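Q: Generate a structure from the sequence data that follows.
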Amino acid sequence: MRRTRVRFAPSPTGPLHMGGVRTALYNYLYAKQKGGDFILRIEDTDSHRFVPGAEEYIMESLKWCGIIPDEGVGVGGPHAPYRQSERRDIYRAYAEQLVKDGFAYYAFDTPEELENARKAEESEGRTFIYNAGTRAAMRNSLTLPAEECEKLLAGTTGWTVRFKMPEDTVVQMEDLIRGKVEVNTSTLDDKVLWKRADELPTYHLANIVDDHLMEITEVIRGEEWLPSLPLHYLLYKAFGWEDSMPRFAHLPLLLKPVGNGKLSKRDGDKMGFPVFPLKWVSPEGEVSRGYREDGYFPDAFVNMLALLGWNPGTEQEIFSMDQLVSEFSLEKVGKSGAKFNPEKAKWFNREYLRMRSDKQLAEAFVPILAKHGIGVSGPEGEQHLLKVVALIKERATFVADFWDIAWYLFVAPTDYDEKDAAKFWKEENIGPALQAAEFVRNFEGPLEKDSIGPALEEYIRENGWPMGKVMNCLRLALTGCGSGLGIADIVCLIGKDEFTRRIDAICSKLGK
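A: This next block holds a predicted model:
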């Protein structure tokens, strides 16, 4: 039995879409579950679409997600090199072999001739397809004399090698997700396999040859490649590699949250969410948001992606990477597209935030505090930070939310919300609020929420004061507005001395 070997083979034409990350993830999970190898191969044969920095972006994205290749670009391995541009010398021989065996031919048509052929077909209400129905009228080695072909091969660089698609043949295929697939070759064109102009193969030839040489056992890729499956089947047959042909699985599309169609960057820009794992800055300076920079945890992002297309068959939604490896199967990947829900993505991050230890969250909060000029030093500062994090993490979606939720636990307010001040800091409320503040200052019990909180509320009730108005007056003094944590929580964290300073400050600024 062959060892399981799968590959993720992106093109460095820009940032890696989250759909591409999901493809890599499913390949990785499949390989790890089977005790096999996950390979990263860069398919950079389309030199015109190459984008500087894209390859590095792909590798960094996979690393952030914890999708680590066993071999490939950046890792090495027995089948190196893993960039197709570095393997360019091997492909021509395979293209020539197909021509020699009658499965391909040389095509000498110029761009102008191809365009004229398209226009001629369109004028008759038909779509031009370069295949058995039209190739006899084109300039290629099937129609030109051998001597003329030899001259063109030796003296020109615009020629290509095209696959000779069989005429009116039903190709029967098996997809691990979609089951049996049948396509008649009359609907398919004679794809270009190799180009003399840059001496590079197209995707179709390169991926077949590389998958064969790298002993790939399963090709797990996006649905957009399903139309290419008949050609790839026929290429394996033409090379005589049917016995070692990998099994194919075509993953469903990631769909936009609203409406129909594939999830795109435009959807993210419009609705305010990223579609890339990391921030991307294009060579032209255009900036695209990333999940990492937006504050998502990598394991939350991966967990969310795993469930976009795969259903474990249970109610469980939270999976570690090890659990995903254990539970994943292609049989439970759906055929239909999976709608992306940006609110569900946030839900995953909230769940993973709550699963982090207070120490982990405190460490992640330190750089944010530093940006606001607040340092955390010594055991006392660290303990204070741990208490803050423990108190506020249930209210947060991202670690960055901590500052917005509880900045006043680190610095005193210098201004007071005008609307809240007008609503709460009224003469009939100020007196009771100041008396309640005095009660807090003189409280002799332990400075703990469960001690001072009930005592303060009982004191207010005994005096017949309106609880909400008194508490909102105190909260205005402590936070600068009428919202925030409970008074007892704030007092326990800032201490009585700071509490007193803030009461004095609001009286000084707004009057008693």
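Q: Residue 152 is in contact with residue 160, isn't it?
A: No. Residue 152 is beyond contact range of residue 160, at 11.5 Å (criterion: CB atoms under 8 Å). C-beta here means a position set from N, CA and C on the backbone, and glycine is covered the same way.
Q: May I have the helix or strand containing residue 62 exported as PDB, CA atoms only?
A: Following DSSP states H and E, one finds residue 62 within helix 54-65. Presented in PDB, the C-alpha positions along helix 54-65 are these (Å, rounded to 0.1, in the frame of the first residue of the first chain):
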ATOM      1  CA  ALA A  54       3.600  36.400  -2.700                       C
ATOM      2  CA  GLU A  55       5.600  33.200  -2.100                       C
ATOM      3  CA  GLU A  56       6.900  34.500   1.300                       C
ATOM      4  CA  TYR A  57       3.300  35.500   2.200                       C
ATOM      5  CA  ILE A  58       2.000  32.000   1.500                       C
ATOM      6  CA  MET A  59       4.700  30.400   3.600                       C
ATOM      7  CA  GLU A  60       4.200  32.800   6.500                       C
ATOM      8  CA  SER A  61       0.400  32.300   6.400                       C
ATOM      9  CA  LEU A  62       0.700  28.500   6.600                       C
ATOM     10  CA  LYS A  63       3.200  28.800   9.500                       C
ATOM     11  CA  TRP A  64       0.900  31.200  11.400                       C
ATOM     12  CA  CYS A  65      -2.000  28.700  11.000                       C
END
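Q: average model confidence for it?
A: Mean pLDDT, helix 54-65: 97.
Q: and whatever helix or strand comes next after it, how far from the chain's centre?
A: As assigned by DSSP H and E, the chain's next helix or strand after helix 54-65 is strand 71-72. Put simply, strand 71-72 sits 21 Å off its chain's centre (CA atoms, centre = their mean, to the nearest Å).
Q: And for stretch 501-512?
A: 49 Å.
Q: for that stretch, what is the average pLDDT?
A: 93.
Q: What lies in contact with that stretch?
A: Applying CB atoms under 8 Å, 6 or more residues apart in numbering, the contact partners of stretch 501-512 are 412-413, 416, 421, 425, 430, 434, 437, 474, 476-478, 494.
Q: just to revisit the earlier point, check which residues of the helix holding residue 62 are buried.
A: 54, 55, 57, 58, 59, 61, 62, 64, 65 (16 or more other CB atoms under 10 Å).
Q: Any stretches of the stretch 201-350 of the chain with poor pLDDT?
A: The stretch 201-350 of the chain contains no residues with pLDDT under 70.
Q: in it, which spans are helices?
A: Shown for the stretch 201-350 of the chain, the helices assigned by DSSP state H, counting those that start in this stretch span residues 203-213, 229-239, 265-271, 298-306, 321-327, 342-355.
Q: Just list what the helix or strand hosting residue 370 packs against, helices and strands only.
A: Assigned by DSSP H and E, residue 370 belongs to helix 358-371. Judged by 3 or more CB pairs under 8 Å, 6 or more residues apart in numbering; DSSP states H and E, helix 358-371 is in contact with helix 378-392, helix 401-406.
Q: Counting by contacts, list what the last one packs against.
A: Translated: helix 401-406. helix 358-371, helix 378-392.
Q: quick check: mean pLDDT across that helix?
A: Averaging pLDDT along helix 401-406 gives 96.
Q: which outside residues touch that helix?
A: For helix 401-406, contacts defined as CB under 8 Å, 6+ apart pick out 361, 365, 368-369, 372, 388-389, 391-393, 395-396, 484-485.
Q: Figure out how far that helix is from the centre of its chain.
A: How far helix 401-406 lies from its chain's middle: 26 Å, per CA atoms, centre = their mean.
Q: Buried by neighbour count: which residues of that helix qualify?
A: 401, 402, 403, 405, 406.
Q: what do you get for the first one?
A: Neighbour-count burial for helix 378-392, counted by 16+ other CB under 10 Å, picks out 384, 385, 386, 387, 388, 389, 391, 392.
Q: and what of stretch 407-417?
A: 407, 408, 409, 410, 413, 416, 417.
Q: Taking those, tell me the two that lie furthest apart.
A: The distance between the two most remote of the buried residues of stretch 407-417 (CB to CB) is 18.6 Å, for 410 and 417.
Q: just checking, residue 388 touches residue 490?
A: No. Contact between residue 388 and residue 490 fails when scored by CB under 8 Å: they sit 10.5 Å apart.
Q: so what sits against both of those two?
A: residue 409.
Q: Could you dump the buried residues of helix 54-65 into a markdown table and include distance to residue 25?
A: Below are the buried residues of helix 54-65 laid out as a markdown table (distance: CB to CB, whole Å):
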| residue | distance to residue 25 |
| --- | --- |
| 54 | 19 |
| 55 | 19 |
| 57 | 17 |
| 58 | 13 |
| 59 | 15 |
| 61 | 11 |
| 62 | 9 |
| 64 | 12 |
| 65 | 7 |
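Q: quick one: which of those is nearest residue 9?
A: residue 58 (10.5 Å).
Q: Go ahead and confirm that closest one touches residue 42.
A: Yes. Contact status for residue 58 versus residue 42: in contact at 7.5 Å, counting by CB under 8 Å.
Q: Residue 165 and residue 190: what is the separation?
A: In this view, residue 165 and residue 190 are 5 Å apart by CB to CB, to the nearest Å.
Q: joint contacts of the two?
A: residue 131.
Q: returning to that earlier point: show me which of the contacts of stretch 501-512 are buried.
A: Among those, those scoring as buried are 413, 416, 421, 425, 430, 434, 437, 474, 476, 477, 478, 494 (criterion: 16+ other CB under 10 Å).
Q: In contact with the residue nearest to residue 195 when sequence neighbours are not counted, which residues?
A: Nearest non-adjacent residue to residue 195, counting by CB to CB, 6 or more residues apart in numbering: residue 160, 5.2 Å away. Listed by CB under 8 Å, 6+ apart, the contact partners of residue 160 are 106, 107, 192, 193, 194, 195, 196.
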